[in-house]
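A.B. asks: the sequence isn't on hand, but the structure is:
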């Protein structure tokens, strides 16, 4: 994701990331990004964690991962999976 410099620092990146993260959560997906130094703070706000870094001639690139959310199963879902059976 990239925002034109004249539109940066106006919340556009956060709005896009909010939408993307909601979609990832809805579908139970992990997220992975390669972040420039300027992007690390933004991605961190949305739960991405640095998992690596590579130094390039253009500056460091940080690999960041956002784990998929753990879902709490309802009692009905647990019963259909064969656990929490009533006696």
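C.D. replies: Done, it's in. Model, not experiment: these values are computed from the prediction. Numbers count the residues shown, from 1 in each chain.
A.B. asks: what residues of stretch 57-73 count as buried?
C.D. replies: With burial defined by 16 or more other CB atoms under 10 Å, the residues of stretch 57-73 counted as buried are 61-62, 64, 66. The C-beta positions use only the backbone N, C-alpha and C, and glycine is treated the same way.
A.B. asks: which element is the closest residue to residue 35 other than its chain neighbours on?
C.D. replies: Leaving aside its sequence neighbours, residue 35 sits nearest to residue 62 (CB to CB, 6 or more residues apart in numbering; 4.6 Å). In this assignment (DSSP states H and E), residue 62 forms part of strand 59-66.
A.B. asks: what of residue 39?
C.D. replies: Per DSSP H and E, residue 39 falls inside helix 37-45.
A.B. asks: over to residue 54?
C.D. replies: Using DSSP H and E, residue 54 sits within strand 49-56.
A.B. asks: could I get the average pLDDT for that strand?
C.D. replies: Per-residue pLDDT over strand 49-56 has a mean of 97.
A.B. asks: same question, stretch 20-33
C.D. replies: Taken as a whole, stretch 20-33 has an average pLDDT of 93.
A.B. asks: in it, which residues are buried?
C.D. replies: 21, 24, 31, 33.
A.B. asks: would you mind pulling the contact partners of that stretch?
C.D. replies: Contacts to stretch 20-33, defined as CB atoms under 8 Å, 6 or more residues apart in numbering, come from residues 1, 39, 43, 46-48, 63-69, 71.
A.B. asks: flag the least confident of these.
C.D. replies: residue 71 (63).
A.B. asks: how about residue 64, what does it touch?
C.D. replies: 32-35, 40, 43-44, 48-51.
A.B. asks: relative to residue 14, which of those is nearest.
C.D. replies: Using CB to CB, residue 43 is the member of the contacts of residue 64 that sits closest to residue 14, with 10.6 Å.
A.B. asks: filter the contacts of residue 64 to the buried ones?
C.D. replies: 33, 35, 40, 43, 48.
A.B. asks: ok, which pair from these is furthest apart?
C.D. replies: For the buried ones among the contacts of residue 64, the farthest-apart pair by CB to CB is 33 and 40; their separation is 9.5 Å.
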